[in-house]
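Student: let's see this in three dimensions:
(one chain, ligands or ions: 3)
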Amino acid sequence: MILVMDVGNSSIVFGVYRESECIRSWRMATDRQKTADEYAVLVKSMFADVEITFSNISGIAISSVVPPIMHTLELMCKMYMNQTALVVGPGVKTGLNILYENPREVGADRIANAVGALTHYETPAIIVDFGTATTYCYINDKEQYVGGAISPGMAVSAEALYMKASKLPKIELTKPKTMLGKNTIHAMQAGTFYGYIGGVESIISRIHNESRLAVKPKVIATGGLAELLAPESSMIDIVDPYLTLKGLKAIYEKNI
Ligand SMILES: Nc1ncnc2c1ncn2[C@@H]1O[C@H](COP(=O)(O)OP(=O)(O)OP(=O)(O)O)[C@@H](O)[C@H]1O
Ligand SMILES: CC(C)(CO)[C@@H](O)C(=O)NCCC(=O)O
Ligand SMILES: [K+]
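Tutor: Numbering: from 1, shown residues only. Ligands and ions are numbered 1, 2, ... in the order given. Predicted coordinates for the structure are as follows:
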């Protein structure tokens, strides 16, 4: 079985593949303080739930955008699973042609998303990943990663607002029943949620216009907040919470 891990600023998403099927996935808070031993305890208990043991894992691939915890996770892979993890980065084969000025700068999660889209969906495609940041990327029909955009994620936007305004509280991110709020929390939820959707749609249509395509690219959404946001926009065609894991599995295959 192959273990894939996407290490984000808020969450780590784990998936276990048997052949080409992802048999189970888990989400864990990213904790910069945890040790390799502590991560191992958590992974072991998640595995136990589906009767997997460390010795079942014959390969590991990781995408990470949190450099400080990579040493810890690689150590866990080595000590507990006796595996050297394939870490998405320079020198790893992806099949993508990245048209960034400096391709090394692109987050490994965005690379994995793009490979996931290439292997499972049609191109041209726009990928929107709703996580700590919201990232957008455009992949053309020549397997080129043309470029993208990075915005504050919806939770980061809401947090910045309550941090800066004394009377505004921390809110739960949900879709409010109406646009017009009759109390502070409702008003903040309405402004955050609908303002966010408006921004997403504006960026998608601008990417579409700039890419000068006759056909509309497929828009694929992923990330922890995709299931909340995507149903609100008719511009999003596909929601795939496992896009990053699928890309990681495909990258693993290309490098064995
Ligand atoms: N219902 C909610 N209310 C408030 N904040 C939320 C809610 N759901 C998620 N968040 C916050 O949204 C942010 C992104 O969420 P999440 O961790 O699910 O996404 P992710 O795709 O795993 O992100 P990353 O890859 O950046 O770690 C986090 O800061 C999280 O705490
Ligand atoms: C934008 C985030 C934080 C999203 O997880 C990550 O992909 C990242 O740190 N990227 C590096 C910068 C870039 O992709 O251009
Ligand atoms: K992510």
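Student: Three-state assignment for residue 113, please.
Tutor: Three-state assignment for residue 113 (DSSP: H, G, I helix; E, B strand; the rest coil): helix.
Student: can you check the pLDDT for the residue of the chain found nearest ligand 1?
Tutor: Residue nearest to ligand 1 within the chain: residue 224 (1.8 Å; C-beta to the nearest ligand atom). Using the backbone N, CA and C atoms, a C-beta is placed for each residue, glycine as well. Model confidence at residue 224, given as pLDDT, is 97.
Student: can you start the count at 105 instead of 1 from here on
Tutor: I'll keep to 105 as the first residue from here, and by that count the last item is residue 328.
Student: quick one: is stretch 112-122 near ligand 1?
Tutor: Yes - applying C-beta under 6 Å from any ligand atom, one finds that stretch 112-122 is in contact with ligand 1 at 112, 113, 114, 115.
Student: excluding sequence neighbours, find me the nearest residue to the first one.
Tutor: On the basis of C-beta to C-beta, 6 or more residues apart in numbering, the spatially nearest residue to residue 112 that is not a chain neighbour turns out to be residue 235, at 5.4 Å.
Student: same question for the last one.
Tutor: Distances taken as C-beta to C-beta, 6+ apart place residue 131 nearest to residue 115, at 5.2 Å, with adjacent residues excluded.
Student: next, that neighbour: secondary structure please.
Tutor: When classified by three-state DSSP, residue 131 comes out as strand.
Student: number of residues surrounding it?
Tutor: Using other C-beta atoms under 10 Å, the number of residues around residue 131 comes to 14.
Student: likewise residue 242?
Tutor: Neighbour count of residue 242, defined by other C-beta under 10 Å: 24.
Student: ok, now which ones touch it?
Tutor: 228, 229, 230, 249, 250, 251, 252, 311, 315, 321 (C-beta atoms under 8 Å, 6 or more residues apart in numbering).
Student: wait, is it part of a helix?
Tutor: No - under the criterion used here (three-state DSSP), residue 242 is strand, not part of a helix.
Student: how far away is it from residue 308?
Tutor: 10 Å (C-beta to C-beta, to the nearest Å).
Student: what residues are shared contacts of these two?
Tutor: Common neighbours of residue 242 and residue 308 (C-beta under 8 Å, 6+ apart) are residue 230.
Student: which residue sits farthest out from the middle of this protein?
Tutor: Here the centre of the chain is the reference, and by C-alpha atoms, centre = their mean the most remote residue is residue 286, at 34.3 Å.
Student: what does the model give the residue in the stretch 155-304 of the chain positioned nearest to ligand 3 for pLDDT?
Tutor: As assessed by C-beta to the ion, ligand 3 sits closest to residue 235 within the stretch 155-304 of the chain, at 4.0 Å. In this model, residue 235 is scored at 98, pLDDT.
Student: hang on, the earlier thing: wait, the residue nearest to residue 115 sits on residue 119?
Tutor: No - using C-beta atoms under 8 Å, residue 131 makes no contact with residue 119, being 10.1 Å away.
Student: still on that earlier bit, let's verify the residue farthest from the centre of the chain: helix, strand, or coil?
Tutor: coil.
Student: shouldn't residue 208 be within a helix?
Tutor: Yes - counting by three-state DSSP, residue 208 is found in a helix.
Student: report pLDDT for it.
Tutor: pLDDT, residue 208: 96.
Student: what about it, how many residues close to it?
Tutor: Residue 208: 8 neighbours (other C-beta under 10 Å).
Student: grab the nearest non-local neighbour of it.
Tutor: Spatial nearest neighbour of residue 208, chain neighbours left out: residue 194 (5.3 Å); criterion: C-beta to C-beta, 6+ apart.
Student: what's around that neighbour, how many residues?
Tutor: 6.
Student: distance of it relative to ligand 2?
Tutor: If you measure residue 194 against ligand 2 using C-beta to the nearest ligand atom, to the nearest Å, the figure is 13 Å.
Student: residue 309 in helix, strand or coil?
Tutor: Going by three-state DSSP: residue 309 is helix.
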